[in-house]
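# here is a sequence together with a model predicted from it:
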Amino acid sequence: VQLVESGGGLVQPGGSLRLSCAASGFSFSSYIMSWYRQAPGKERDLVAGISSAGSSTDYANSVKGRFTISRDNAKNTVYLQMNRLKPEDTAVYYCNARRDRAPNYDYWGQGTQVTVSS
């Protein structure tokens, strides 16, 4: 099983980034996919999630209206489009896969750094 994040980097406030998470080794279309983030000295928090079929999404209040999660089940990939980035969005962003039925297998990627700074 692998979850490989990409697309992080340094961006100025107000800018945009698109994160990708490529999955392999499991039945991607049977998994709820989520993005979490963890800033230094803080807990890992949920940013956005999307249902296995892509029909339902959920966002943390802090990113609603700025971030969009999407998935392509044909490509086994989940995306996070991040617009109007703020310095407080700076964190390591992690991709998570959780099976949508029992047993609820749970997998994590290695993370990608996003830094918002002028």
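Looks like it came in fine.
# hang on, Ser20 packs against Gly7?
Yes: the pair Ser20 and Gly7 passes the contact test of Cβ atoms under 8 Å, sitting 5.2 Å apart. C-beta: built from backbone N, CA, C; applies to glycine.
# relative to Gly109, how far out is the residue nearest the centre of the chain?
Centroid check for the chain by Cα atoms, centre = their mean gives Trp35 as the closest residue, at 2.6 Å. Trp35 sits 10 Å away from Gly109, going by Cβ to Cβ, to the nearest Å.
# hmm, back to that, which elements pack onto the host helix or strand of the residue nearest to the centre of the chain?
Applying DSSP states H and E as the criterion places Trp35 in strand 31-38. When contacts are defined as 3 or more Cβ pairs under 8 Å, 6 or more residues apart in numbering; DSSP states H and E, strand 31-38 sits against strand 17-24, strand 45-50, strand 67-72, strand 77-82, strand 91-99.
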